[in-house]
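Engineer: I would like to see how this sequence folds:
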Amino acid sequence: MDELEDNRPAELHRHVHTRLKLRLVFYFLISIVLVMLVALHIIVDQVNFLFPAIAIVIGLGVGIILSRTSHITWDHGAQKVISRFDILGGIILALYGVFEIFKEEIVEEFVHGPAVVATSLALLTGIMIGRVIGIGGKIVRVLDEQNIG
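Structural biologist: Numbers count the residues shown, from 1 in each chain. Alright, predicted model coming up:
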């Protein structure tokens, strides 16, 4: 293992703004809780695993797209990766809000009965994990552009 790999976590910690790190931790913790809830509903409601699995995959894609709402850049003054919203990100976030309001009605078009809850939660789980992946990938790209980590 070379020296650069040894320092990567410390460099990531030092060069990523605290609010951005907290947002990723928050999304990740929510994802863990949602995974447990999905598993609980699959077991308790005896739901076929296929629909929630498909919903997680779809949610991952949506979450990665939603990570577009976070404009990740390098702040030369602070020497840190920071995050801001931009216009397109705001539009995507607004559309996501509308989707969240009508999520169960949309899911009910494809899934029926007790599988609706597990599938809706699985979709949300995928979205949260996708956001973590998307934002994390953007952070790594910005740090690579700065030759950090």
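
Engineer: show the average pLDDT along the longest helix that the chain contains.
Structural biologist: The single longest helix within the chain, with elements called by DSSP state H, is helix 115-145. Averaging pLDDT along helix 115-145 gives 89.

Engineer: which other helices and strands contact it?
Structural biologist: If you count contacts as 3 or more C-beta pairs under 8 Å, 6 or more residues apart in numbering; DSSP states H and E, helix 115-145 packs onto helix 3-15, helix 18-44, helix 50-66, strand 71-75, strand 80-84, helix 103-108. (C-beta placed from N, C-alpha, C; glycine too.)

Engineer: looking at those, which is nearest to Gly126?
Structural biologist: Minimum separation from Gly126 across the helices and strands packed on helix 115-145 (C-beta to C-beta) falls at helix 50-66, 2.0 Å.

Engineer: that closest one versus helix 18-44: what angle between them?
Structural biologist: 170 degrees (axes from the mean of the first three to the mean of the last three C-alpha atoms, to 10 degrees).

Engineer: CA atoms only for helix 50-66 - export them in CSV, please.
Structural biologist: What follows is helix 50-66, C-alpha atoms only, in CSV (Å, rounded to 0.1, in the frame of the first residue of the first chain):
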residue,chain,number,x,y,z
LEU,A,50,-38.7,-9.1,-6.4
PHE,A,51,-40.7,-5.9,-6.3
PRO,A,52,-38.7,-4.3,-3.5
ALA,A,53,-35.4,-5.3,-5.2
ILE,A,54,-36.6,-3.7,-8.5
ALA,A,55,-37.6,-0.6,-6.6
ILE,A,56,-34.2,-0.3,-4.9
VAL,A,57,-32.5,-0.5,-8.3
ILE,A,58,-34.8,2.1,-9.8
GLY,A,59,-34.3,4.2,-6.6
LEU,A,60,-30.6,4.0,-7.0
GLY,A,61,-30.8,5.5,-10.5
VAL,A,62,-33.2,8.2,-9.2
GLY,A,63,-30.9,9.0,-6.3
ILE,A,64,-27.9,9.3,-8.5
ILE,A,65,-29.8,11.7,-10.7
LEU,A,66,-31.0,13.6,-7.6
